[in-house]
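**Student:** Below are the sequence and a predicted model; questions follow.
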Amino acid sequence: PRSAWFGPTRRLPLKQAVGQVVAEAITPYPPGIPLLLPGERLDEERYAWLLHHRHPGQHPGGMLDTVKVLR
């Protein structure tokens, strides 16, 4: 997890980030509970969850259409 906070990173479109280790918290709101924390890998299941629960008025905190991942 330390390298996820302080290591070299890059931004990728969400779909391209599948399989990568994220370097920022992804916290969909509502409910406001982190889905991913720095150091965790974005897998297909969580990617599908994010797509399914994306709707007007909901903003995944720490993320727009891109996500910061480790290089």
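**Tutor:** Great, that's in hand. Here the structure is a predicted model, which is why all the values come from computation and not from measurement. Residues are numbered from 1 along each chain as shown.
**Student:** Could I get the full set of strands for this protein?
**Tutor:** Secondary structure of the chain (DSSP state E): strands at 9-13, 27-29, 59-61, 66-70.
**Student:** wait, what's in contact with residue 53?
**Tutor:** Shown in contact with residue 53 (CB atoms under 8 Å, 6 or more residues apart in numbering): residue 28. For glycine as for every other residue, the C-beta is placed from the backbone atoms N, C-alpha and C.
**Student:** swap that for residue 31, please
**Tutor:** Applying CB under 8 Å, 6+ apart, no residues qualify as near residue 31.
**Student:** Let me know the distance separating it from residue 71.
**Tutor:** Separation of residue 31 from residue 71 (CB to CB, to the nearest Å) stands at 31 Å.
**Student:** And the helices in the protein, which stretches?
**Tutor:** Here the chain has its helices, by DSSP state H, at 2-6, 44-52.
**Student:** I'd like to know how many residues surround residue 36.
**Tutor:** 23 (other CB atoms under 10 Å).
**Student:** what do you get for residue 8?
**Tutor:** Residue 8, neighbours per other CB under 10 Å, totals 8.
**Student:** Nothing else from me, thank you.
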